Structure formats: structure tokens, C-alpha cells
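1. Dropping the sequence and predicted coords here.
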Amino acid sequence: MYKLIKKTIDLGEGREITVETGKLAKQADGSVVVTMGRTMLLATVVSAKDAREDVDFMPLSVEYKEKYSSFGRYPGGFLKREGRANDYEILVSRLVDRALRPLFPDDFHAETFVNVQLISADKDVMPDSLAGLAASAALSVSDIPFHGPISEVRVARIDGKFMINPSFEQLERADIDILVAATFDNVMMVEGEMDEVSEQEMLEAIKIAHEAIKVQCKIQTELAEELKIVKREYSHETNDEELSKRIHDDLYDQVYEIAKSQKAKHERSEAFKAAEAAYVEKLQAESEEEIQTKLVAKYFHDVEKKAVRNLILEEGIRLDGRKTNEIRPIWSEVDYLPAAHGSAIFTRGETQSLTTVTLGTKLDEKVIDQVQVQGKEKFVLHYNFLPFSTGDARPYRGVGRREVGHGNLAYRALKGMIPKGEENPYAIRVVSDILESNGSSSMATVCAGTLALMDAGIKIKKPVSGIAMGLITDSDKYAVLSDILGDEDHLGDMDFKVTGTVDGITACQMDIKIEGLSYEIMNKALDQAKEGRMHILGEMLKTISEPRAEFKSHTPRIVQLTIPKEMIGAVIGPGGKVIQDIQEKTGATITITQEGDIGIVDIFAEDKDVINAALARVNGIIEVPEVGKVYQGKVKSIVAFGAFVEILPGKDGLLHISEIAWKRLEKVEEVLKEGDEVEVKVIEVDQRNGKLKLSRKVLLPRPEKKDNPPRSEDGEEKK
């Protein structure tokens with residue numbers, strides 16, 4: 001048997017979240033089931049009893065997985081089972097990881113595995129906003145050391161009102177959509193997208209989210225108290241306070257001067273390594289025992305961190321000599337790759353992105369097959385972080401979690417500016433390859449993506465720029481840093497990325513590594529970020545100020561037309577015969593989709609003549625012949641009483657022998673033969689069956705009356 005303990009969180013409007021433990025997965029160190037509507041998440045956590053030897057970091061693994069059975073669906077693919085994590089699962093895993101990781105004790109190094117599974121899915125409930133709560137609750141009911149609890153909620157502004165954890169349908173109307181993670185006292189993580197909102201509106205959303213999170217943290221604390229949870233004792237580090245003090249006293253001034261020297265990234269790194277190596281040699285020479293190099297490295301890193309932070313706080317000097325609000329030099333270029341549909345280089349300091357834009361058809365759209373979401377996406381952005389960008393001598397093994405996360409941030413920053421509907425018939429793929437990296441390559445991707453889209457001729461609504469902000473704090477002192485370096489990110493207390501247009505924020509991502517960050521500091525960071533974004537945007541617009549008026553000559557063109565719904569079948573033909581014939585004979589690519597009562601036909605080709613030929617074929621199929629209209633037809637067959645002429649694809653009319661010429665003909669073959677091109681006029685359309693009567697002679701000069709035998713009103717020659 002089991003003892004079930006359950007807590008309930010009221011979200012208002014008849015919505016509630018339940019957190020229960022004691023029923024499932026009882027052999028894990030901690031497990032809970034979080035339920036909202038019919039959505040259920042099972043979260044488990046297991047941690048090794050001891051740390052591995054020589055591990056001096058927190059080996060945390062967070063995995064979020066969705067079961068297709070949770071929504072009554074079969075997985076796709078040949079094997080019909082869940083495979084590797086998709087991008088959505090990776091993004092949710094990252095959201096949870098980023099909130100949990102800073103809250104484990106610094107000296108806790110046991111391998112810890114957090115697994116969150118979607119075991120039941122409700123079409124109206126978004127599970128990503130519940131995953132953080134589930135993971136934290138599992139840790140709270142375990143004996144694993146953890147400075148939580150935390151929770152995550154989604155806050156959205158819908159029709160002018162803020163709402164916690166809205167449904168999929170409600171979120172479609174939102175102009176603010178952010179996920180916030182926090183402890184009871186402090187915001188830890190923010191990520192989301194907005195429709196060009198102000199800094200104050202974003203802060204208001206964060207505050208509302210935090211109030212909801214406090215309730216969820218309180219529930220977890222009550223759960224742990226009811227279970228009388230006692231955290232385990234551990235000893236994962238061996239420290240030498242005397243050695244730590246000695247290294248600080250001996251090396252602080254030297255490290256401070258290296259930090260102050262304003263060397264380039266690699267030169268500075270080599271100088272720090274040389275100082276550490278020289279000190280190890282000195283210690284080795286003084287001692288007959290083997291030196292604990294890992295401890296020396298750890299304490300040297302502590303000295304480096306303290307020196308860099310003090311340099312900024314006490315002298316206002318950064319590692320590269322900039323002021324706290326100063327942006328590194330920027331240069332950019334477009335149309336660098338002559339064969340790409342659009343390309344740009346964006347370089348800011350020692351960070352560089354080479355970005356391309358490729359335009360495609362509906363056939364190139366990304367297929368989305370998640371458990372709760374199926375469909376297609378016209379705009380995609382891919383981010384590749386190449387090892388040589390930081391001088392690393394290692395192979396590139398494909399896209400990792402970090403790349404998925406950075407690419408998603410850039411995607412969210414730009415997607416709201418991509419034109420929709422008739423303004424943009426293209427599928428668009430943006431690819432950012434990071435060629436150099438020293439701070440915020442995701443923001444370089446946003447800037448390069450904007451430039452490349454304008455270079456490609458995509459009529460984006462407004463250009464978007466992005467900036468990464470940092471923070472250094474010490475009791476009552478703090479410094480907000482614009483356009484942070486990699487070292488400032490690593491050694492600092494905050495990484496806050498903000499993107500936007502001249503009119504407002506489009507996306508953000510914030511990770512806070514300390515407790516007690518005030519909204520006052522957050523507000524200053526946002527205001528300083530706006531100044532930086534506007535400066536960067538100004539530099540970008542010096543390269544290209546608006547989208548190109550025309551696509552490049554080698555860019556495939558798309559002509560889009562609408563047709564009546566009932567004509568879709570005629571264009572496609574039985575078994576696709578007609579549309580395949582058009583594509584084969586013209587060389588164009590044609591796609592047809594139905595939207596309501598109309599069909600959307602896209603004709604895609606690099607050559608204008610190819611498009612025109614395909615367009616003529618499609619127009620011919622959908623056109624309804626009109627009485628009095630002249631057509632260039634082709635004789636398809638000849639019979640005793642006339643010829644059948646195809647005036648439009650699949651549409652024949654009868655050209656009676658009496659309508660071929662003004663003179664009397666004994667045989668049709670006197671004037672026409674099969675395959676002849678002939679100009680004819682529609683003289684009648686039978687309303688009952690749609691049959692057409694054609695005339696050739698009415699388009700010819702009428703002979704003089706003496707050569708013209710008298711005829712009756714119906715055109716027959718009088719006997």
C-alpha cells in the first residue's frame with residue numbers, strides 16, 4: 001500500500017494545480033505527480049550517495065520527455081516509439097535546468113538526475129509551465145541538498161490582462177508571453193517573447209509571475225514539512241584554507257594587473273595560465289610532497305574572479321578597458337555570399353556571425369509533430385556554434401542543447417517581424433554560423449539575421465537588434481555591464497539578453513546567479529540595455545537601412561494566386577496527374593493548399609518564363625470560357641461535322657464545319673488538320689451541360705456579297 005499526500009494550488013477561474021507524492025516511483029529519492037486539468041507530469045529525482053573522485057562541479061542532468069500515449073497518439077517513424085528529444089523537449093529541459101542548477105550547494109558534487117515525463121496531456125494545458133514546479137517538488141520531498149524550492153509559471157498578457165498559465169488558444173492572442181522561475185524571495189530565470197513592449201510592461205509581468213510562484217513554493221515547503229524531510233549529509237570536497245589564503249596573498253595583485261592590462265581574450269587567457277603554472281612550479285620547488293594542482297586551480301580561479309569583479313566595482317574598468325555602458329566596435333557587411341539568397345556578417349568585438357537566408361516553398365516548411373502540437377512552420381532559424389570560434393581543437397559533433405536554446409532565442413526575437421500571408425509566400429530558413437565568440441553570439445545572430453533578411457529582400461516589419469547585459473554585485477555596490485564578454489558572463493552574477501526594435505522588446509532571456517537581485521537593479525539593466533540596443537541598431541542600419549526593393553536575380557520567385565475551392569481538384573487532377581504534368585513540362589514547382597473556401601496556389605521557379613508557362617496552364621484550368629472571348633486553340637480531333645478544339649487545358653469546344661470558313665467546305669481537312677493551332681471565338685455556352693460552340697470564320701474578313709451565297713439566320717447555306 002501507499003500513503004498519498006496531496007496539495008492544491010488555486011489559479012482562479014476554476015483552475016487548479018495539484019501536487020501529490022507517495023503513490024508513484026517510490027524507489028526514487030523523490031517523486032511527485034503534478035496535475036492541471038488532464039495534464040499530468042511525473043517528476044523523479046535520484047542522486048548518487050557519493051561524488052566521483054576529482055569531480056569539482058555539479059554533475060546535474062535534467063531531462064523532460066513527452067509520451068505520445070499521453071495524448072492518445074502513436075509516435076511517427078518506422079519504429080513507432082519515442083526517439084531522441086525534439087527541440088521542444090530540449091528547450092523545456094533547459095528551462096528547468098537553468099532554474100535548479102544555481103541552487104545546489106557549491107560543494108555538492110554527486111551525480112544527480114532529474115526526469116520529468118508528460119504522462120497525460122490536456123489539449124488546453126501547456127505542460128512546460130508545470131515542469132519546473134514538478135522538478136522542484138520532487139527535490140523538496142527528497143533528502144538531496146537543495147536551496148529551493150523554486151517554481152516556474154507562464155505569464156501572458158491577453159486582451160490587456162495578465163494571466164498565469166494560459167491555454168494554447170488563449171496564448172495566440174497574447175502580446176507578452178514569458179516563463180519565469182523564482183524562489184520565494186528571488187527571481188532566477190526569465191525567458192519569453194513580446195510584441196514590442198516597454199521595459200516597464202515586462203517588469204510588471206515578471207512581478208505578477210513572482211507572486212504566483214510564491215504560492216507554489218509555499219505548497220512545496222508544506223509538503224516537505226509534512227513528510228519531515230531531512231537532507232542528507234555529504235562531504236564532497238577537501239579544502240585547504242591555508243593554501244587558499246596563501247594563493248590569494250601571493251597572486252591577487254599579479255592577477256589584478258593582468259585583468260587590468262586590457263589584453264585580447266587569448267592573450268589574457270594565456271597570461272592567467274602562465275601565472276598559475278609559474279606558481280605551481282614555485283610550490284613544487286618548495287615542497288617535497290606532490291602539489292595538489294586541482295586545488296591550486298580552484299583557488300586561483302577564486303582569485304581571478306575576485307580580481308576581475310573588484311576591478312569593475314572599484315575602478316570601473318572592464319577586462320577590455322571599456323566603460324560599463326560601452327559597446328564594442330561593430331562592423332557588418334551584407335551580400336557577402338554571392339550565391340545565397342541573402343547573407344550578412346555581423347562582428348561585435350571578438351564575436352562574429354556569418355548568417356544566410358534561404359527562401360523556399362511550402363514543401364520546405366518545417367513539419368511540427370509534437371505530442372500536443374502538430375502543424376507546419378514557415379520560418380525557422382538554426383544556430384551553429386563551431387569549435388574554432390573559441391580556438392578549441394575539437395571536432396564538431398552536431399547541434400547540442402546550448403545551440404538549440406540560443407537558436408530559439410534568436411528565432412523568437414525575429415519571428416514577429418516576418419511578414420505573413422500574401423506579403424510573404426516563402427518558407428524562410430535563417431542559419432547563423434558562429435565564427436568567433438567572446439560574449440553573446442545569440443545576440444550577434446539576431447543582428448546578422450536582421451541584416452541577412454533585408455539583404456534577401458524580405459520585407460520585415462522593422463529591424464531587430466540584441467544585446468547581452470551583465471551584473472557584478474558586492475553588498476551595496478553593483479555595476480551593470482553592457483555587451484558582456486565571455487569572462488564577464490562566467491565570473492558575473494547575471495546574464496540578461498534583450499532584443500527589440502526601435503519601438504519595444506521582442507524577446508528576452510535572463511539567468512540570475514545570485515540571491516536578492518532587486519527590481520531596481522533589473523530596471524536599470526533594462527534601461528541600459530535599451531540604450532545599447534539602439535546604438536547597435538544604428539550601426540546595423542549604416543550597412544543596410546531597409547529591405548532590398550527586389551529579390552536577387554538568382555532567387556527563385558513565387559507567384560501566388562487564389563482559386564475557388566471547387567477548382568482545386570481540377571488543377572491537381574486524378575491521382576495528381578494534371579499538376580504533375582504541369583510541373584514536368586514547365587519545370588516549375590507548384591503547391592496547393594485549401595484555406596476555408598479558397599485554394600492557395602504557389603508557383604515557384606527561378607526563371608520568369610517558367611513561372612509564366614505554369615501560370616498560363618493553371619489559369620487555363622480554372623478559367624471559365626466566356627461567350628465572345630477569343631482563344632488560341634489546338635485541334636484535338638476531326639469528325640465529319642467539324643473539329644474539336646481545345647481552347648483551355650481540358651476544355652474542348654465544337655468548331656462546326658460551317659464555322660470554319662465563309663465558303664462551303666466538303667471536308668474539314670480542306671482547312672484544318674489535327675494538331676493545328678487555330679484562333680477561335682466562343683459563340684455559345686450550353687447552360688445545361690457546359691458544351692461550347694466555337695467559330696473561326698467570324699474572326700476572318702467576310703467575302704464580298706457576290707462570293708457569298710445567301711444563308712439562313714442559323715448560318716446554313718440556302719438551297
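-> Happy to help now that I have it.

2. Counting neighbours, what do you get for the nearest residue to Tyr234 once chain neighbours are set aside?
-> Using C-beta to C-beta, 6 or more residues apart in numbering and skipping residues adjacent in sequence, the residue nearest Tyr234 is Phe108, 6.2 Å away. For glycine as for every other residue, the C-beta is placed from the backbone atoms N, C-alpha and C. Other residues within reach of Phe108 by the criterion other C-beta atoms under 10 Å amount to 20.

3. Figure out how far stretch 490-505 is from the centre of its chain.
-> Average the C-alpha atoms of stretch 490-505, do the same for its chain, and the two points are 17 Å apart (C-alpha atoms, centre = their mean, to the nearest Å).

4. Likewise for stretch 164-179?
-> Centre-to-centre, stretch 164-179 and its host chain are 17 Å apart (C-alpha atoms, centre = their mean).

5. Endpoints of that stretch, how far apart?
-> 10 Å (C-alpha to C-alpha, to the nearest Å).

6. ok, and what's touching that stretch?
-> 11, 15, 36, 95, 123-126, 128-130, 152-159, 162-163, 189-195, 197, 201-202, 205-206, 208-209, 212, 372-373, 508 (C-beta atoms under 8 Å, 6 or more residues apart in numbering).

7. can we see that at 7 Å?
-> With contacts defined as C-beta atoms under 7 Å, 6 or more residues apart in numbering, stretch 164-179 is touched by 11, 95, 124-126, 128-129, 152-159, 163, 190-195, 197, 201, 205, 212.

8. Check stretch 557-572 too.
-> Taking contacts as C-beta under 7 Å, 6+ apart, the residues outside stretch 557-572 that touch it are 361, 422, 425-426, 551, 578-579, 592, 594, 597-605, 608, 611, 615, 618, 621-622.

9. Show me which positions of that stretch end up buried.
-> Judged by neighbour count using 16 or more other C-beta atoms under 10 Å, the buried positions of stretch 557-572 are Arg557, Ile558, Val559, Ile563, Met567, Ile568, Ala570, Val571, Ile572.

10. Which ones among these map onto strands?
-> If you go by DSSP state E, the buried residues of stretch 557-572 have Arg557, Ile558, Val559, Ile563 in strands.

11. Pick the one among those residues closest to Lys524.
-> Ile558 (46.6 Å; C-beta to C-beta).

12. where in this protein is pLDDT low?
-> Flagging of the chain using pLDDT under 70 yields the residue ranges 1, 516, 705-719.

13. quick one, longest helix in it?
-> With secondary structure taken from DSSP state H, the chain has its longest helix at helix 199-227.

14. After that helix, which helix or strand is next?
-> Using DSSP states H and E, the helix or strand that follows helix 199-227 in sequence is helix 241-260.

15. what's the offset of that next one from the middle of its chain?
-> When C-alpha coordinates are averaged (C-alpha atoms, centre = their mean), helix 241-260 and its chain have centres 44 Å apart.

16. which other helices and strands contact it?
-> In this structure, helix 241-260 makes packing contacts with helix 265-286, helix 293-315, judged by 3 or more C-beta pairs under 7 Å, 6 or more residues apart in numbering; DSSP states H and E.

17. and among those helices, the most buried is which?
-> Neighbour counts averaged per stretch over these are highest for helix 293-315, at a mean of 18; criterion: mean count of other C-beta atoms under 10 Å.

18. Which other helices and strands does that helix contact?
-> Packed against helix 293-315, as judged by 3+ C-beta pairs under 7 Å, 6+ apart, are the following elements: helix 241-260, helix 265-286, strand 465-474, strand 477-482, helix 486-491.

19. mind running it again at 6 Å?
-> Helices and strands in packing contact with helix 293-315 are listed as helix 241-260, helix 265-286, strand 465-474, strand 477-482; criterion 3 or more C-beta pairs under 6 Å, 6 or more residues apart in numbering; DSSP states H and E.

20. For Ala344, find the nearest of these.
-> Between Ala344 and these, the tightest spacing by C-beta to C-beta is seen for strand 465-474, at 12.8 Å.
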